[in-house]
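> Here's a sequence, model it:
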Amino acid sequence: MAASSTRPDLIARCAARYLKRVTEEERTLVQREHAQRKIADIILAATIAIKRARAERRKFAAEEHRLITCAEYHVRRGAPLPARFAPIRLSRQRTHRTLLSLADPGRGHLQVTLRDADLLDGVVVHHEVIARGAAKSASRLPPYRMVDIRQNGVVRLHAADDVPVSVYCGRPAYLLPTWKGAKSKDWTVAATYETDPVTPCNLAAAAASAAFANGVADAKFNFDELTVTQAIHLMSQVRRAVDRNALQTLSTQFSLHVPIRDDRRRRAIEVSRPEDIAALSIEITRDGGWDRVTLDSASHDIRTTPLVDVLKAGALAKWTQEAHARGLETYISGGISSAQHIETAVRARVDGIGIGTWIHKSGPPGLPGPLDPQRVREAIRIRNEAEAR
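Here you go, the predicted structure:
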């Protein structure tokens, strides 16, 4: 095909000729598309109104509030958001080396974080459902859960292109066998994945694709209880199947409390020391072709042992250095709740610090309360002062 035949202006004129000559049967299609374009204009205008009010540090005007409410209605029903979003850029491309990833189920971001420009300095708006120790079945469930993807669209609407939004997608969905006599307690995650690897791979790719379609900058998955070869296989399959652009990243998450079975050799070994799990997380993430590696210390207990206490400062700095040498961005989470924790991570040159429960007021056992703007300001101040030293 000649280069001139692919020029956008020529193709646009060709499309205009077709649209002028639509038949009566085709008119309904054109009318419906015009309606969709009106919705797109509403969402774009609402995005600009949100950005303007935030930049001017004021409340929404009455007209803006009506516009935004209408835009939220359409976004919750699947209308696409503006294509431009804020990515999580590499450390050498951003103002702050260490970003603060503020975790909230969604409402706190809409009511607090995204309403105040001062709370977005070197921040990632992390959309995550936090739930630990709150139910009888908590010991069998992960401490974080998948978000509502439509609410995620509303969060992204309010973030506009001012601040990156990330999503915790949780564990891939491993389907238990349903044949007669199969009991769930008899099946490990690894055995379930071995039986059906197709479903978790495709569902994980679909979940990440949905988040990326919203303009999310990063999607994170947990790989606890998979073997090394299974984790690498799942990551490779998701990497090939997911819909994303070059600025959108995939993050792995490994718990320092969960041993990893390294089955890459003839005789498998169990890796359980936090330092060894950290080193193995880099290998798995690199071999799976993902972009960012996360270490987490959250457990099923309501009170989490801080990651910087599980993995000491020297080991954390070594892990970060090794990950960077292999082209990976780094992220830590779990129990970050003091100035010392943040300062330790900054000194270790970690790229991202996940903060959840500490920036919330007290809530029901195992669940976060309302987001506390003063705690967010304090975390930003501590990070900024640590970076300036």
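
> C-alpha only now, for contacts and for neighbours.
Will do.

> how much space is there between E387 and N152?
E387 sits at a distance of 31 Å from N152 (criterion: Cα to Cα, to the nearest Å).

> wait, what's in contact with V350?
Counting by Cα atoms under 8 Å, 6 or more residues apart in numbering, V350 touches 97-98, 317, 320, 330-332.

> The closest residue to G215 other than its chain neighbours in helix, strand or coil?
Of all residues not flanking G215 in the chain, F85 sits nearest, at 5.7 Å (Cα to Cα, 6 or more residues apart in numbering). With DSSP: H, G, I helix; E, B strand; the rest coil as the basis, F85 sits in coil.

> got a list of what F85 touches?
By Cα under 8 Å, 6+ apart, the contact list for F85 reads 160-164, 215-217.

> how about a cut-off of 7 Å?
160-161, 215 (Cα atoms under 7 Å, 6 or more residues apart in numbering).

> which one of those residues is nearest G363?
A160 (29.1 Å; Cα to Cα).

> The closest one is in contact with I48, isn't it?
No: judged on Cα atoms under 7 Å, A160 makes no contact with I48 at a distance of 8.1 Å.

> re earlier: could you check which of E387 and N152 is surrounded by more residues?
Set E387 next to N152 and count neighbours by other Cα atoms under 10 Å: N152 wins out with 24 against 15.

> could you measure A206 against P200, distance?
From A206 over to P200 (counting by Cα to Cα), the distance is 10 Å.

> does N202 sit in a helix, a strand or a coil?
Going by three-state DSSP: N202 is helix.

> contacting residues around the nearest residue to it once chain neighbours are set aside?
Among residues not flanking N202 along the chain, V238 sits closest, at 7.0 Å (Cα to Cα, 6+ apart). Counting by Cα under 7 Å, 6+ apart, V238 touches 201-202, 204-205.

> any idea how the chain splits into domains?
3-76, 91-388 (automatic domain parsing).

> For the shortest one, give the mean pLDDT please.
Regarding domain 3-76, the rounded mean pLDDT is 88.

> out of A160 and I48, which sits in the more crowded spot?
A160 (25 against 18).

> Now do that one against I284, distance only.
The value you get for A160 to I284, if Cα to Cα is used, is 33 Å.

> same check, this time on E56
Going from E56 to I284 by Cα to Cα gives 45 Å.

> higher neighbour count, these two?
The neighbour comparison of E56 against I284 (other Cα under 10 Å) goes to I284, with 20 against 11.

> so what's the more buried one closest to, chain neighbours aside?
I232 (6.0 Å).

> you'd agree that neighbour is in a strand?
No: checked against three-state DSSP, I232 lies outside a strand; its state is helix.

> on that earlier part again, between A206 and P200, which is the more surrounded one?
Taking other Cα under 10 Å, A206 and P200 do not tie; P200 has more neighbours (19 against 16).

> can you tell me which residues contact that one?
Here P200 is in contact with 172-174 (Cα under 7 Å, 6+ apart).

> And the helices in the stretch 251-389 of the chain?
Secondary structure of the stretch 251-389 of the chain (DSSP state H, counting those that start in this stretch): helices located at 274-288, 307-310, 313-325, 339-347, 373-388.

> Export the contacts of F85 to CSV and append columns for secondary structure and distance to T249.
Below are the contacts of F85 laid out as CSV (DSSP: H, G, I helix; E, B strand; the rest coil; distance: Cα to Cα, whole Å):
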residue, secondary structure, distance to T249
A160, coil, 18
D161, coil, 16
G215, coil, 11
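
> partners of the lowest-mean-pLDDT helix or strand in the chain, with directions?
Lowest on mean pLDDT, DSSP states H and E among the helices and strands of the chain sits strand 144-145, with a mean of 76. Here strand 144-145 is paired, per DSSP bridges, with strand 129-130 (antiparallel).

> what about the partner strand, average pLDDT?
For strand 129-130, mean pLDDT is 85.

> Then stretch 167-174?
92.

> same deal with stretch 82-97?
On average, stretch 82-97 scores 93.

> First-to-last residue distance for it?
One end of stretch 82-97 sits 28 Å from the other (Cα to Cα).

> Can you give me the buried ones in it?
Within stretch 82-97, the residues scored as buried using 16 or more other Cα atoms under 10 Å are 82, 85-88, 91, 96-97.

> Can you tell me how far A323 is from A191?
From A323 to A191 the distance is 30 Å (Cα to Cα).

> Which one's more surrounded, those two?
Neighbour count, other Cα under 10 Å: between A323 and A191, A323 has more, with 23 against 16.

> Which pLDDT does the model give the more buried one?
Reported pLDDT for A323: 98.

> I'd like the numbering to begin with 26 instead of 1 from here.
OK, 26 is where the count begins now, so the last one is A348.

> right, and it touches I307 too?
Yes: with contact defined as Cα under 7 Å, A348 and I307 form a contacting pair (6.0 Å).

> any idea which element the residue nearest the centre of the chain lies in?
In the chain, the residue lying closest to the centroid (Cα atoms, centre = their mean) is V192, at 2.3 Å. V192 belongs to strand 190-195 when assigned by DSSP states H and E.

> got a list of contacts for that strand?
149-153, 169-172, 181, 241-247.

> Mind checking which of the residues you listed are in strands?
Of the positions in these, 149-152, 169-170, 243-247 sit in strands, assigned by DSSP state E.

> Mind checking which of those are buried?
Of the ones in strands among the contacts of strand 190-195, these count as buried by 16+ other Cα under 10 Å: 149-152, 169-170, 243-247.

> average model confidence for stretch 322-329?
68.

> quick one: G131 and D312, what's the gap?
G131 is 33 Å from D312, by Cα to Cα.

> Neighbours of the residue nearest to H385 when sequence neighbours are not counted, how many?
With Cα to Cα, 6+ apart as the criterion, H385 has its nearest non-adjacent residue at 4.3 Å, and that residue is L396. By other Cα under 10 Å, 26 other residues sit near L396.
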